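In: Whatever this is, show me its structure:
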Amino acid sequence: MIDAGNPGTVGMGRIRDHWRHWVSSRRQRASLAGSLLDGFPGVAMLVDADGVILCVNPGFERYSGHPSYTMLGRRVTCLDVDPLHGDIARALAHSVTRRGAWRGGLTCRRADGQVTHQQGVFQPLETRPGEPLRLLITLQDITVLHRSAVDDHDRLTALQGTVDRLPGVVFQLRQSARGDLEFRYLSAGLQALAGLPSREAVKSAETLLGRLHEDDRQRLDTTLAQSAVSLAPWSLEFRLSLGDEVRWIEGRATPRRQRDGDTRWDGVLLDITARKDEEQRTQKLVRTDMLTGVLNRRAFFDYGEAVRALAARHGRAVPLAMLDIDHFKQLNDTHGHAAGDLALQAFATACRDCLRPYDLFARIGGEEFAVMLVDTSPEEARGVLDRLRAAVQALELDVQGERLRVTVSLGLAVIPPQGSLDFALSQADAALYRAKREGRNRLVSAPGYPEPHEHVR
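Out: Numbering: from 1, shown residues only. As a prediction, the model looks like this:
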């Protein structure tokens, strides 16, 4: 019985309580440590600073294949595939030298010779002054995971090789919520496509996007914005400037929205320069007169209607003329079709030399041609066409040693801002036949065409 009035008695009671609590806590910790060691799903060992095994967990034999009693007193490096210079020796030296934990993968060998991959932890244990260093080593078998990782790496490497050999570029483009563009990935084909290492374009998207033609860059920004809003597939044909060379590129990609508001496109870039060149050659064949090299009738009406519409929007009139080589049938009948072809070619060249590159000049049938003068006033048109007539008159053709000359008759009309191309052509054609009737080799204006000092509104 404790005497409450005696302070010494109270002090002894407190000491006994602390003692009982300490003993209970130690037993609980020992019990917890033992349970953890017994239930650890792998190898657990206590070793000294030289790596000599002092004790092992109950599951040691099951996870290593070595009977526990045969391992006590042996060095832990005997579990390594290379006991002298293997992974375990390096991990042990690292942990002992730095007095710190080491974690990593180890290649070990079971008692039956099977090579396994282990996740190892080398943990130095706290000791009192003067006590030797001890380390707790745990090994967990990750062979299955390692094989899976190796297989995944091999598949990824093979896939990367396939992607790099594709005739184009695989890419992932990111657009932030603020509109900034960033390439997250570009395959190695970018070097051949754009003369640019992928890592440079990934580092800064502008190293690639800055090479786009100015008009195409604007179209790129517009189409990407539309795709980001609608999440519809993106596609665009654009030009890349590579020094003196221009390449046509086709881009196609599928967008997806990220939780943070960013948009990402997964897609491909293909070099379509050869296809574009072929399209242009085909287009030229479709729209060009094969004999003279000038526009044909169909192309003249297509381009002419575009010129008329543009002029109408600005309230401008467009001068238009019909041309016909004088006495062409007689030349054909007398000197043959070869001479006629030569005359047509020489005539077309002379006319083309008198016109600007953007004026429309076409052969619309036989020896009949048409001219549309772009951004030219009706008054200026007279001077241009009269110089053209004089240039044709100055031509000399050498046909089997004989010198031949040709002349041209012209009928001039104007398309008013709200006028019709077909109607203006019929007026020019009527003026052309007046020129024929009045003696040929002359320019005649259609009724209503302004005189040289009149002004057309």
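In: Count the residues that sit near Arg199.
Out: Using other C-beta atoms under 10 Å, Arg199 is surrounded by 10 other residues. For the C-beta atoms, the positions are set from N, CA and C on the backbone; glycine is no exception.
In: Where does pLDDT dip in the chain?
Out: Applying pLDDT under 70 to the chain picks out residues 1-39, 450-457.
In: Give me the most central residue, it.
Out: Most central in the chain under C-alpha atoms, centre = their mean is Leu269, positioned 4.8 Å from the mean C-alpha point.
In: any idea which helix or strand comes after the helix or strand where Arg308 lies?
Out: Using DSSP states H and E, Arg308 falls within helix 297-313. On the C-terminal side of helix 297-313, the closest following helix or strand by DSSP H and E is strand 318-325.
In: For the residue nearest to the centre of the chain, which non-adjacent residue is closest in space?
Out: Leaving aside its sequence neighbours, Leu269 sits nearest to Val169 (C-beta to C-beta, 6 or more residues apart in numbering; 4.2 Å).
In: just Cys354 next, same as before
Out: Distances taken as C-beta to C-beta, 6+ apart place Leu388 nearest to Cys354, at 4.2 Å, with adjacent residues excluded.
In: just Glu438 next, same as before
Out: Using C-beta to C-beta, 6+ apart, the nearest residue to Glu438 is Val444, at 6.7 Å.
In: show me what contacts the one you found?
Out: Applying C-beta atoms under 8 Å, 6 or more residues apart in numbering, we find Val444 in contact with Ser409, Leu410, Gly411, Leu412, Ala431, Leu432, Arg434, Ala435, Glu438.
In: try 7 Å this time
Out: Val444 makes contact with Gly411, Leu412, Ala431, Arg434, Ala435, Glu438 under the criterion C-beta atoms under 7 Å, 6 or more residues apart in numbering.
In: Could I get the phi/psi values of it?
Out: Backbone torsions for Val444, taken as degrees, to the nearest 10, come to phi -120, psi 140.
In: If it is in a bridge, with which residues?
Out: Gly411 (DSSP bridges).
In: Roughly how far does it sit from Leu412?
Out: Going from Val444 to Leu412 by C-beta to C-beta, to the nearest Å gives 7 Å.
In: shared neighbours of those two, anything?
Out: Counting by C-beta under 7 Å, 6+ apart, the shared contacts of Val444 and Leu412 are Ala431.
In: can you give me the helices for the stretch 51-200 of the chain?
Out: 60-64, 68-71, 87-98, 143-165, 190-194, 198-203 (DSSP state H, counting those that start in this stretch).
In: count of neighbours near the nearest residue to Pro416 once chain neighbours are set aside?
Out: Among residues not flanking Pro416 along the chain, Ala317 sits closest, at 5.5 Å (C-beta to C-beta, 6+ apart). For Ala317, the count of nearby residues is 22 (other C-beta under 10 Å).
In: And the helices in the stretch 301-450 of the chain?
Out: Under DSSP H, counting those that start in this stretch, the stretch 301-450 of the chain gives helices at 328-335, 337-354, 378-393, 421-437.
In: out of those, which comes closest to Asp164?
Out: For the helices of the stretch 301-450 of the chain, proximity to Asp164 was assessed by C-beta to C-beta; helix 337-354 is nearest, at 49.1 Å.
In: tell me what the closest one is packed against?
Out: helix 328-335, strand 360-365, helix 378-393, strand 397-399 (3 or more C-beta pairs under 7 Å, 6 or more residues apart in numbering; DSSP states H and E).
In: Compare these and report which one is nearest to Arg287.
Out: Taking C-beta to C-beta, strand 360-365 is the member of these nearest to Arg287, at 9.2 Å.
In: Could I get the buried residue list for the closest one?
Out: For strand 360-365, a neighbour-count test (16 or more other C-beta atoms under 10 Å) marks Leu360, Phe361, Ala362, Arg363, Ile364 as buried.
In: And for stretch 436-443?
Out: Residues Asn441, Arg442, Leu443 are the ones in stretch 436-443 that count as buried (16+ other C-beta under 10 Å).
In: right, and the first one touches Asp326 too?
Out: Yes - with contacts defined as C-beta atoms under 7 Å, Asn441 counts as touching Asp326 at a distance of 6.1 Å.
In: residues shared between the contacts of those two?
Out: Thr407, Val408, Ser409.
In: Which residues are in contact with the closest residue to the last one other than its chain neighbours?
Out: Distance criterion C-beta to C-beta, 6+ apart; nearest residue to Ser409, sequence neighbours excluded, is Ala435 at 4.0 Å. With contact set as C-beta under 7 Å, 6+ apart, Ala435 has these partners: Ser409, Leu410, Gly411, Arg442, Leu443, Val444.
In: ok, which pair from those residues is furthest apart?
Out: Taking C-beta to C-beta as the measure, the contacts of Ala435 span a maximum distance of 9.9 Å, between Gly411 and Arg442.
In: ok so, going back, the residue nearest to Leu269 and Ile249: what is the separation?
Out: Here the criterion is C-beta to C-beta. By it, Val169 lies 9 Å from Ile249.
In: the more surrounded of the two?
Out: For Val169 versus Ile249, the count of surrounding residues by other C-beta under 10 Å is larger for Val169: 27 against 22.
In: per-domain residue ranges of this protein.
Out: Domain assignment for the chain by automatic domain parsing gives 38-165, 166-276, 288-445.
In: The longest one: end-to-end distance?
Out: So the one you mean is domain 288-445. Using C-alpha to C-alpha, to the nearest Å, one end of domain 288-445 lies 28 Å from the other.
In: now swap in stretch 124-135 and tell me
Out: Taking C-alpha to C-alpha, stretch 124-135 runs 4 Å from one end to the other.
In: Could you pull out the buried residues of it?
Out: Using 16+ other C-beta under 10 Å as the test for burial, stretch 124-135 gives Pro124, Leu135.
In: What of stretch 87-102?
Out: Result for stretch 87-102 [16+ other C-beta under 10 Å]: buried residues Asp87, Ile88, Ala89, Ala91, Leu92, Ser95, Val96, Trp102.
In: Please apply the same query to stretch 343-359.
Out: Residues of stretch 343-359 classed as buried by neighbour count (16+ other C-beta under 10 Å): Ala343, Leu344, Ala346, Phe347, Ala348, Ala350, Cys351, Arg352, Cys354, Leu355, Asp359.
In: Turn those residues into a markdown table, including distance to His146.
Out: Below are the buried residues of stretch 343-359 laid out as a markdown table (distance: C-beta to C-beta, whole Å):
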| residue | distance to His146 |
| --- | --- |
| Ala343 | 85 |
| Leu344 | 81 |
| Ala346 | 82 |
| Phe347 | 83 |
| Ala348 | 77 |
| Ala350 | 82 |
| Cys351 | 80 |
| Arg352 | 75 |
| Cys354 | 81 |
| Leu355 | 77 |
| Asp359 | 75 |
